[in-house]
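Q: What follows is a predicted structure for the sequence shown.
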Amino acid sequence: MSHVKFTGIICPMITPFRVDGSIYRDGIRNLVDFLSEKNIKGLFVCGTFGLGPALTVEERKKVVEYVVDSMNRPLDVIAQVGSTSLEDSLELAKHAEEVGADAVASTPPFYYRYDEESILRFFQQLISQISIPVFVYNIPSRVGYDVSTSLLEKLVEIGISGIKDSGNDILKSYEYMYTAKSKNRDFKFLIGTEALMLPAIIAGADGCVSGLSNIYPEVVVKLYNHLRDGRISEIIDLYFKIIRARRVIESTQSIQLCYEILKLRGVDAGYPKPLFKKIPVQAAEEAKKKLEEIGLLEDI
């Protein structure tokens, strides 16, 4: 069966750093190998989990380069290029295409309150200057701007290929899906959390960008595969285990916790960027114990 791009579980991978704050290239390779072995279909690079907005332009370029270079089997790489500067986003997008990324994604430009016309111009620039697909990344909790259904319709008309929707509003997700896919049947809708994977996949979402897949990729891959095959009754128990697991992870600093849980799973993914507080080993061990008690890996 041929690979259908931008479907399945896409991991918004964390970015490995060394203690001194430099990018940990071997850590990137370790993480990519781990995710690849667990049948992840793609990587969302320099997003929220990847600390993209906290990195310099040069750091973001290196991360994308190292990720593409680390792959031992084909994975769809989506490079997140959103920033406060159109010029920086264009530079990152052109670089991502040059080094072999399959697509780029961008939030609307943030900090300033841009109107709809300005946001359309921003994405028109991205679309016009690269030949790989451009996704819009909707994450109002971080950006302060919620992409409206009418704006998404206009974005599809100018050539946006898909959306990563982290708005956490399933009714709006449905509106995005039927509006965009009525304009472009090849439009890709990616739900931005495993917490909404069940209703989203049933309604026709193409895949899920799952933060949990950084540390338990096999769990969310199983959930997706069963949902895709219509085996819903077989997966309800696992789905609720995932919801419970999210509560455990969100009770601490979820992004930083990923680095420590990965270490406990035998994957050296280094550390978060130094500005982000490191999770104490004991706290990570307690979190992992709670996750194991939930039984996430049973029957995997």
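A: That came through fine.
Q: Okay, now the unreliable bits of this protein?
A: 1-2 (pLDDT under 70).
Q: ranges for the strands of it?
A: Applying DSSP state E to the chain gives strands spanning 8-11, 42-45, 76-80, 103-106, 134-138, 162-165, 188-191, 207-209.
Q: Which one of those lies nearest to Ile119?
A: strand 134-138 (9.0 Å; Cβ to Cβ). The C-beta positions use only the backbone N, C-alpha and C, and glycine is treated the same way.
Q: strand partners of that closest one, parallel vs antiparallel please.
A: Strand pairing for strand 134-138, determined by DSSP bridges: strand 103-106 (parallel), strand 162-165 (parallel).
Q: coming back round to it: how about the strands of the chain in CSV, adding distance to Glu153 and mean neighbour count?
A: Converted to CSV, those look like this (distance: least, Cβ to Cβ, whole Å; neighbours: other Cβ atoms under 10 Å):
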stretch, distance to Glu153, mean neighbour count
strand 8-11, 24, 27
strand 42-45, 24, 28
strand 76-80, 22, 27
strand 103-106, 18, 27
strand 134-138, 12, 26
strand 162-165, 11, 26
strand 188-191, 13, 26
strand 207-209, 21, 28
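Q: For these, could you give me CSV that also reports distance to Ala287?
A: Listed next are these as CSV, based on distance: least, Cβ to Cβ, whole Å:
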stretch, distance to Ala287
strand 8-11, 19
strand 42-45, 23
strand 76-80, 26
strand 103-106, 29
strand 134-138, 28
strand 162-165, 26
strand 188-191, 24
strand 207-209, 22
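Q: burial measure for the closest residue to Val267 other than its chain neighbours, as a count.
A: Distances taken as Cβ to Cβ, 6 or more residues apart in numbering put Phe34 closest to Val267, at 4.8 Å, once the chain neighbours are dropped. As a burial measure, Phe34 scores 21 neighbours (other Cβ atoms under 10 Å).
Q: Now for the residue lying closest to Arg73 once chain neighbours are set aside, how many residues are close by?
A: Take Arg73 and drop its neighbours on the chain: the residue closest to it by Cβ to Cβ, 6+ apart is Ser36, 5.6 Å away. If you count neighbours by other Cβ under 10 Å, Ser36 ends up with 19.
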